[in-house]
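> coordinates for the following, if possible.
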Amino acid sequence: MILPLSGRARTRALRVLGCTSVIALLCAFDVHAESLSKSPSAPDDDKPVEYLQVQGIRRTAIHSADTATLLKGSLGYSLYSAGGVSALPVLNGMADDRVATIVDGMRIASACPNHMNPAMSYIDPDSVASAEAIAGVTPVSIGGDSTGGTVKIERRDPLFAQSGKVLITGHVRGDYRSNGGGSGASGTVTVANDTFSLRYTGSYSHASNYHTGGDGRQVRSTSYLSFNHAVTAGLKKDNHLLALTFGQQDIPYEGFPNQYMDMTNNRSTFVNGKYRGEFAWATLDIRGFWQRVDHVMNIMNDKGGHSATTGMPMNTDARTAGYAIDLTIPLSTQHSVKIGSGYDHNGLNDWWPPLVGSMMMGPNTFHNINNGHRDRLGHYIEWNAQWTSRFSTQLGLRNDLIMMNTGKVAPYSWTGMMQMADIMAARRFNAASRGRTDTNFDVTATGRYHALDSLMIEGGYARKTRSPNLYERYAWGMGTMATRMIGWFGDGNGYVGNLDLRPEIANTASVTITWHDPKGEGWRIRLQPFYTYTEGYINVIPLARFSNGLSKLQFVNHNAQSYGINGNAQARLWNSDRFGQGKIVSTFSWVRGQDMETHTGLYHQMPTNGTIGLRETWQNWAGRVDVTLVKRKSSVDWIRNEPRTPGYALLGLGGSYRWRKYTLDASIENVLNQKYYLPLGGLSLGDYRQTNILAPLAGLGRSFNLSLTAVF
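You can find the predicted model right below:
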């Protein structure tokens with residue numbers, strides 16, 4: 001049985017922070033090398049507007065152990081609440097599988113019927129060199145088999161010393177968060193000469209259940225424990241780089257407050273290789289990867305616990321392997337062509353062991369996905385043209401072949417009357433033809449025009465296609481319990497797959513207008529309206545009603561539309577030797593989605609929201625004040641019983657100080673300790689099991705956060 005260490009969390013957190021600080025002091029004084037800690041650079045006007053660069057180590061203002069939080073502030077980006085290190089990305093109202101998430105060249109699919117292990121959960125924030133989010137109109141070179149956009153995460157390349165020298169460098173970091181007793185430590189060390197580089201990266205993060213604002217109520221199933229290790233070896237010669245990374249992640253437990261289940265173990269092992277070569281005639285990038293995931297779910301203690309005769313054991317075993325080849329060929333000083341090929345294999349076994357003595361969950365093993373696989377083979381060509389100094393275009397074409405199949409399945413019993421719904425469903429499923437092949441085509445056309453020195457206009461159209469995932473097509477169970485175990489939406493409903501699903505085809509048009517002062521230093525305003533019409537949007541229809549008011553739903557194809565506008569702005573307020581530099585920053589996002597057949601709102605659309613912040617830097621000091629504003633959520637999907645949530649405003653304070661090789665950051669989240677509910681949090685099912693009250697998931701109350709980083 002997994003026991004979250006809530007009683008000792010604060011003591012252990014303080015020990016971790018103290019030990020990390022001592023190590024940082026010893027390393028910084030004993031080893032001399034240049035600091036790799038750089039501030040994240042703001043996107044300039046010649047880069048995609050949704051681009052966010054994170055250099056060296058995690059930004060000091062980020063205290064979360066979840067890599068998905070690194071992209072907060074990107075246009076159209078929000079987070080779909082899940083476990084403490086497993087939030088799902090949302091771009092312009094489209095989430096999870098609709099967003100192509102690429103981690104260090106690997107397209108990783110969730111190996112879980114509740115998507116408890118999304119792609120970004122496999123890399124800790126301090127291992128990230130760059131994070132990029134592009135919503136909607138995505139280049140075909142990074143956007144296959146997706147309709148919402150692309151999130152691309154890259155690890156740091158190996159570091160090398162100057163010729164004839166030896167480089168020893170790295171960093172260590174310790175974190176503490178008062179709410180939930182969260183603690184974390186991470187570090188990396190590199191030893192290299194001018195040809196060979198060897199790097200080790202490790203991290204640890206832990207938290208107990210957090211408490212809400214206002215009444216300080218504990219939110220059950222929000223604890224977690226995670227470990228990450230990775231070793232990277234690199235070779236460099238002239239313009240050629242070869243890197244090989246071997247890594248392992250271990251999550252002994254992670255609570256999921258908006259799921260019936262929790263993750264009681266998740267172990268991932270991966271090997272990732274890449275080669276990048278620059279030739280006189282082209283640039284070649286080759287990636288190859290393999291990953292194995294062993295995933296176990298059950299019920300943790302604060303939802304009732306599990307034993308040999310209680311709980312709900314669910315196991316999955318997944319394999320991912322693939323390659324990606326990208327070749328960029330300059331045709332002239334104004335034109336270039338990029339061509340590429342990629343292949344991803346995702347194999348999955350999903351089985352639910354029986355419980356001793358249970359008539360509902362026994363006597364045999366429930367085979368949910370039996371030797372299922374989803375293979376994607378894609379090719380693209382992309383033409384970039386710089387017609388004038390002020391006008392450029394990009395045109396891309398892509399084809400993806402998606403091949404899916406699965407073996408025969410089995411319920412817990414072929415004879416029990418209590419299992420009759422699943423028995424009949426399994427017989428129908430096994431008798432059906434299950435192999436499916438989709439041939440998908442994508443097109444992207446964009447242009448960028450510098451109309452004035454102070455005005456840039458970007459716009460484009462994209463046709464994007466996504467095939468169903470394994471569970472959308474192959475989740476066959478019809479019994480109440482079996483359907484409730486399927487669903488990554490946090491809504492408490494039960495889901496049934498559909499062998500007849502078609503791929504989604506999304507047509508998106510978007511324009512981005514950037515207006516700034518001619519020198520680019522004083523102020524900047526950016527607006528991005530968009531519209532998407534999706535043919536065959538994979539939504540749901542109701543099949544039955546549960547006794548608690550929730551529903552059994554089946555995936556079907558409907559037509560849908562979504563539209564909205566994103567924006568951000570900043571203005572410098574002062575710049576002097578006496579008071580340093582100060583500026584005001586803000587973001588804004590509004591999105592609406594509608595199912596054109598049921599006329600309901602699309603599920604999990606973030607209500608109108610924005611931030612207003614004040615930033616000041618003076619010598620080695622940096623301070624920040626942020627106000628987050630979220631409107632009441634009133635547009636909901638009533639078929640899924642999506643809850644409405646009230647609007648709220650949160651105040652956050654923070655500051656950091658750099659002294660030589662050290663950075664100390666302190667912040668207070670939710671300063672006024674407001675109680676609020678997460679618009680994309682779904683239902684608080686962890687609390688429901690204890691209180692029998694269905695309510696939205698509440699957000700984090702006041703938290704005092706502290707981190708210390710040292711580089712050497």
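> least confident secondary structure element in the chain?
strand 51-53 (a mean of 33; mean pLDDT, DSSP states H and E).
> by contact count, what packs against the very next helix or strand once past it?
Sequence order places strand 77-80 as the next helix or strand after strand 51-53, per DSSP states H and E. Judged by 3 or more C-beta pairs under 8 Å, 6 or more residues apart in numbering; DSSP states H and E, the packing partners of strand 77-80 are strand 88-91. (Glycine included, C-beta is placed from N, CA and C.)
> how far does the strand it packs on sit from its chain's centre?
6 Å (C-alpha atoms, centre = their mean, to the nearest Å).
> which stretches of the stretch 201-350 of the chain form strands?
Using DSSP state E, counting those that start in this stretch, the strands of the stretch 201-350 of the chain run over 224-237, 240-254, 262-278, 283-298, 314-330, 335-352.
> kindly report the same for the stretch 601-712 of the chain.
Ranges of strands in the stretch 601-712 of the chain, per DSSP E, counting those that start in this stretch, are 609-618, 621-630, 648-659, 662-669, 703-711.
> listing partners with orientation, what would you give for the first one?
This means strand 609-618. If you go by DSSP bridges, strand 609-618 pairs up with strand 580-595 (antiparallel), strand 621-630 (antiparallel).
> convert the C-alpha atoms of the longest one to PDB, please.
In this case it means strand 580-595. C-alpha atoms of strand 580-595 as PDB (Å, rounded to 0.1, in the frame of the first residue of the first chain):
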ATOM      1  CA  GLY A 580      16.800  50.500 -12.000                       C
ATOM      2  CA  GLN A 581      14.300  49.400 -14.700                       C
ATOM      3  CA  GLY A 582      10.600  48.900 -14.300                       C
ATOM      4  CA  LYS A 583       7.900  47.800 -16.600                       C
ATOM      5  CA  ILE A 584       4.300  46.700 -16.700                       C
ATOM      6  CA  VAL A 585       3.300  43.500 -18.500                       C
ATOM      7  CA  SER A 586      -0.100  42.000 -19.200                       C
ATOM      8  CA  THR A 587      -1.700  39.000 -21.000                       C
ATOM      9  CA  PHE A 588      -5.200  38.400 -22.200                       C
ATOM     10  CA  SER A 589      -7.100  35.300 -23.600                       C
ATOM     11  CA  TRP A 590     -10.600  34.700 -24.700                       C
ATOM     12  CA  VAL A 591     -11.800  31.500 -26.400                       C
ATOM     13  CA  ARG A 592     -15.200  30.000 -27.200                       C
ATOM     14  CA  GLY A 593     -15.900  26.500 -28.600                       C
ATOM     15  CA  GLN A 594     -19.200  25.000 -29.800                       C
ATOM     16  CA  ASP A 595     -20.300  21.600 -30.900                       C
END
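> go through it and flag the buried ones.
Under the neighbour-count criterion of 16 or more other C-beta atoms under 10 Å, strand 580-595 has 582-583, 585-591, 593-595 buried.
> wait, L680 touches Y603, no?
No: using C-beta atoms under 8 Å, L680 makes no contact with Y603, being 9.6 Å away.
> what about the helices in the protein?
Assigned helices in the chain, in chain order: 9-30, 420-431, 470-474, 480-484, 685-691 (criterion: DSSP state H).
> and whichever strand in the chain runs longest, what's buried?
Using DSSP state E, we find that the single longest strand of the chain is strand 551-576. Residues of strand 551-576 classed as buried: 551-558, 560-570 (neighbour count, 16+ other C-beta under 10 Å).
> that one packs against which elements?
Under the contact criterion of 3+ C-beta pairs under 8 Å, 6+ apart, strand 551-576 touches strand 494-496, strand 523-545, strand 580-595.
> would a markdown table of these with distance to T608 and mean pLDDT be doable?
Below are the helices and strands packed on strand 551-576 laid out as a markdown table (distance: least, C-beta to C-beta, whole Å; pLDDT from 0 to 100):
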| stretch | distance to T608 | mean pLDDT |
| --- | --- | --- |
| strand 494-496 | 29 | 98 |
| strand 523-545 | 14 | 97 |
| strand 580-595 | 5 | 96 |
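> which among those is found nearest to L75?
With C-beta to C-beta as the measure, strand 523-545 is the member of the helices and strands packed on strand 551-576 nearest L75 (5.4 Å).
> by how many degrees do the closest one and helix 420-431 diverge?
Comparing the axes of strand 523-545 and helix 420-431 via axes from the mean of the first three to the mean of the last three C-alpha atoms, to 10 degrees yields an angle of 110 degrees.
> run me through the strand neighbours of strand 523-545, direction for each.
Short version: by DSSP bridges, strand 523-545 pairs with strand 504-516 (antiparallel), strand 551-576 (antiparallel).
> next, format those as TSV and append distance to G652 and mean pLDDT.
As requested, the strands paired with strand 523-545 are exported to TSV (distance: least, C-beta to C-beta, whole Å; pLDDT from 0 to 100):
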stretch	distance to G652	mean pLDDT
strand 504-516	26	96
strand 551-576	17	96
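> out of the ones you listed, nearest to L71?
strand 551-576 (13.3 Å).
> just the CA coordinates of stretch 226-245, formatted as PDB?
Taking Å, rounded to 0.1, in the frame of the first residue of the first chain, the C-alpha atoms of stretch 226-245 are listed here in PDB:
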ATOM      1  CA  SER A 226       9.000  11.800  -8.400                       C
ATOM      2  CA  PHE A 227      12.600  11.000  -9.300                       C
ATOM      3  CA  ASN A 228      14.400  11.700 -12.600                       C
ATOM      4  CA  HIS A 229      17.900  10.600 -13.800                       C
ATOM      5  CA  ALA A 230      19.600  11.100 -17.100                       C
ATOM      6  CA  VAL A 231      23.100  10.700 -18.500                       C
ATOM      7  CA  THR A 232      24.100  12.400 -21.800                       C
ATOM      8  CA  ALA A 233      27.200  11.600 -23.700                       C
ATOM      9  CA  GLY A 234      28.200  13.900 -26.600                       C
ATOM     10  CA  LEU A 235      30.800  13.900 -29.400                       C
ATOM     11  CA  LYS A 236      31.700  17.000 -31.500                       C
ATOM     12  CA  LYS A 237      33.900  17.400 -34.500                       C
ATOM     13  CA  ASP A 238      33.900  20.600 -36.600                       C
ATOM     14  CA  ASN A 239      30.200  21.100 -37.500                       C
ATOM     15  CA  HIS A 240      29.000  17.700 -36.400                       C
ATOM     16  CA  LEU A 241      27.400  16.800 -33.100                       C
ATOM     17  CA  LEU A 242      26.400  13.300 -31.800                       C
ATOM     18  CA  ALA A 243      24.500  12.900 -28.500                       C
ATOM     19  CA  LEU A 244      23.100   9.900 -26.700                       C
ATOM     20  CA  THR A 245      20.900  10.200 -23.600                       C
END
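> what about it, average pLDDT?
The average pLDDT within stretch 226-245 is 97.
> now do it: distance to the chain's middle.
For stretch 226-245 - counting by C-alpha atoms, centre = their mean - the centre lies 23 Å from the chain centre.
> pull out the buried residues from it.
Residues 226-228, 230, 232, 234, 236, 241-245 are the ones in stretch 226-245 that count as buried (16+ other C-beta under 10 Å).
> closest to P468 out of the residues you listed?
Taking C-beta to C-beta as the measure, P468 lies nearest S226 of these, at 29.8 Å.
> ok, the closest one - contacts?
S226 sits next to 65, 85, 124, 203-206, 249-251, 254 when contact means C-beta atoms under 8 Å, 6 or more residues apart in numbering.
> how much space is there between it and N266?
As judged by C-beta to C-beta, to the nearest Å, S226 and N266 stand 9 Å apart.
> next, show the common contact partners of these two.
Listed as contacting both S226 and N266 by C-beta under 8 Å, 6+ apart are 249-251, 254.
> sorry, back to before: could you dump the buried residues of stretch 226-245 to CSV with distance to G136?
Shown next, in CSV, are these (distance: C-beta to C-beta, whole Å):
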residue, distance to G136
S226, 32
F227, 36
N228, 31
A230, 32
T232, 33
G234, 35
K236, 37
L241, 32
L242, 35
A243, 31
L244, 35
T245, 31
